[in-house]
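*Asks:* this one's sequence-less:
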């Protein structure tokens with residue numbers, strides 16, 4: 001598959017075009033936002049549906065095949081927020097608490113970017129291991145905890161008042177019992193233990209309709225990305241540059257790591273996408289509790305305003321090409 005055909009397949013997919021339509025809508029002042037209840041419903045649908053599908057696929061996966069990819073995913077979950085936190089020291093206008101907040105967002109993952117990558121693989125008949133959603137779940141938690149820890153640790157060393165101390169119990173409760181992890185893990189558990197006939201009964205809703213409903217979700221995210229672009233300009237170019245260069249580097253490292261532990265080309269691409277993505281669902285909820293003085297808009301503007309569209313439009317085929325190169 002040539003580089004152009006890979007890029008063309010991604011750029012002409014319904015999901016990417018729907019995202020661009022939402023982006024255009026924001027620029028011409030046409031309100032294409034989904035009503036909040038529908039947005040909340042689609043979030044739950046995607047989380048549970050991805051977990052359900054992944055859990056059912058796990059039936060054909062041996063534990064031995066999963067151990068190495070699982071461990072390297074956890075390692076990425078620790079190293080990525082550390083690298084992000086210290087990279088952000090180059091932006092001197094950011095406080096340590098904001099660096100920790102942004103690092104937590106980039107250490108965590110984007111379900112929608114992951115979903116778009118899976119659909120890209122399926123539409124191009126590229127094999128992906130059945131435990132891919134489990135890697136998504138594993139990468140979701142460590143990045144949040146490490147980013148929050150770095151912000152809190154830096155505050156204590158400098159004796160700076162950046163808000164109340166971190167309540168680790170409350171933070172862990174938000175991370176582990178929030179809807180992101182609970183729906184993903186719960187969906188995987190249900191998908192794993194249900195019978196083939198039981199899975200077949202819900203397949204029309206959670207599998208066959210996923211592509212179409214994801215396109216609606218991307219339409220909404222395109223609109224949100226467009227509305228945040230002016231704010232990004234006010235924040236400064238360096239954060240905008242970070243929001244492209246850092247995930248690109250993380251994604252390439254992720255694909256290399258996937259290749260080293262024996263993942264297929266599709267699996268290595270998915271790990272690269274996970275490493276490159278930034279959270280805008282789970283991370284804001286956890287960070288708002290643990291780092292109440294953090295300026296969440298900075299992390300959200302860079303993650304959903306720059307990193308998400310970059311990964312959606314260009315990143316996925318780039319990481320796939322690197323996965324082929326490393327193979």
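*Replies:* Looks like it arrived, so ask away. These numbers come from a predicted model, not from an experiment. Numbering: from 1, shown residues only.
*Asks:* Show me where the stretch 201-327 of the chain dips below the pLDDT cut-off.
*Replies:* 229-236 (pLDDT under 70).
*Asks:* For stretch 84-94, what does the pLDDT average out to?
*Replies:* Computed over stretch 84-94, the mean pLDDT rounds to 91.
*Asks:* Name the residues of that stretch that are buried.
*Replies:* For stretch 84-94, the buried set under the neighbour-count rule, 16 or more other C-beta atoms under 10 Å, comprises 84-85, 87-88, 91, 94. The way it works is simple: take the backbone N, C-alpha and C, and place the C-beta from them, glycine included.
*Asks:* got those residues as a markdown table, with secondary structure and distance to residue 305 columns?
*Replies:* As requested, these are exported to a markdown table (DSSP: H, G, I helix; E, B strand; the rest coil; distance: C-beta to C-beta, whole Å):
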| residue | secondary structure | distance to residue 305 |
| --- | --- | --- |
| 84 | helix | 17 |
| 85 | helix | 20 |
| 87 | helix | 18 |
| 88 | helix | 16 |
| 91 | coil | 16 |
| 94 | coil | 16 |
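*Asks:* for the residues you listed, which one is nearest residue 304?
*Replies:* Nearest to residue 304, judged by C-beta to C-beta, of those is residue 84 at 16.1 Å.
*Asks:* In what element of secondary structure is the nearest residue to that closest one once chain neighbours are set aside found?
*Replies:* Spatial nearest neighbour of residue 84, chain neighbours left out: residue 103 (4.1 Å); criterion: C-beta to C-beta, 6 or more residues apart in numbering. Here residue 103 sits within helix 96-107, counting by DSSP states H and E.
*Asks:* which helices and strands sit right next to that helix?
*Replies:* helix 63-87, helix 132-158, helix 237-260, helix 282-290, helix 296-302 (3 or more C-beta pairs under 8 Å, 6 or more residues apart in numbering; DSSP states H and E).
*Asks:* between that helix and helix 282-290, how big is the angle?
*Replies:* 150 degrees (axes from the mean of the first three to the mean of the last three C-alpha atoms, to 10 degrees).
*Asks:* could you check the angle helix 237-260 makes with helix 96-107?
*Replies:* Using the same axes, to 10 degrees: helix 96-107 against helix 237-260 is 40 degrees.
*Asks:* Need the pLDDT of residue 60.
*Replies:* In this model, residue 60 carries a pLDDT of 80.
*Asks:* Check residue 3 too.
*Replies:* Looking at residue 3, the pLDDT reads 57.
*Asks:* Show the contacting residues for the residue nearest the centre of the chain.
*Replies:* Most central in the chain under C-alpha atoms, centre = their mean is residue 110, positioned 1.6 Å from the mean C-alpha point. For residue 110, the contacting residues are 277-281, 303, 308, 311, by C-beta atoms under 8 Å, 6 or more residues apart in numbering.
*Asks:* Which members of those define the maximum pairwise distance?
*Replies:* 281 and 311 (15.0 Å).
*Asks:* roughly how far apart are residue 131 and residue 270?
*Replies:* For residue 131, the distance to residue 270 equals 10 Å [C-beta to C-beta, to the nearest Å].
*Asks:* Could you do residue 239 as well?
*Replies:* In terms of C-beta to C-beta, residue 239 sits 27 Å off from residue 270.
*Asks:* more crowded one of those two?
*Replies:* residue 270 (32 against 20; other C-beta atoms under 10 Å).
*Asks:* Next up, identify which helix or strand the more buried one is on.
*Replies:* helix 265-276.
*Asks:* Run the angle between that helix and helix 132-158 for me.
*Replies:* Using the same axes, to 10 degrees: helix 265-276 against helix 132-158 is 30 degrees.
*Asks:* so who does residue 224 touch?
*Replies:* Here residue 224 is in contact with 22, 26, 33, 304 (criterion: C-beta under 8 Å, 6+ apart).
*Asks:* try 10 Å
*Replies:* 22-23, 26, 32-34, 39, 280, 300, 304-305, 308 (C-beta atoms under 10 Å, 6 or more residues apart in numbering).
*Asks:* And residue 194, by the same measure?
*Replies:* 52, 55-56, 59, 200-202.
*Asks:* Roughly how far does it sit from residue 55?
*Replies:* Residue 194 is 8 Å from residue 55, by C-beta to C-beta.
*Asks:* that older thread, what confidence value was assigned to the residue nearest to residue 84?
*Replies:* 95.
*Asks:* What number of residues are in the vicinity of it?
*Replies:* Residues near residue 103, counting by other C-beta under 10 Å: 31.
*Asks:* cool, and residue 13?
*Replies:* Residues near residue 13, counting by other C-beta under 10 Å: 22.
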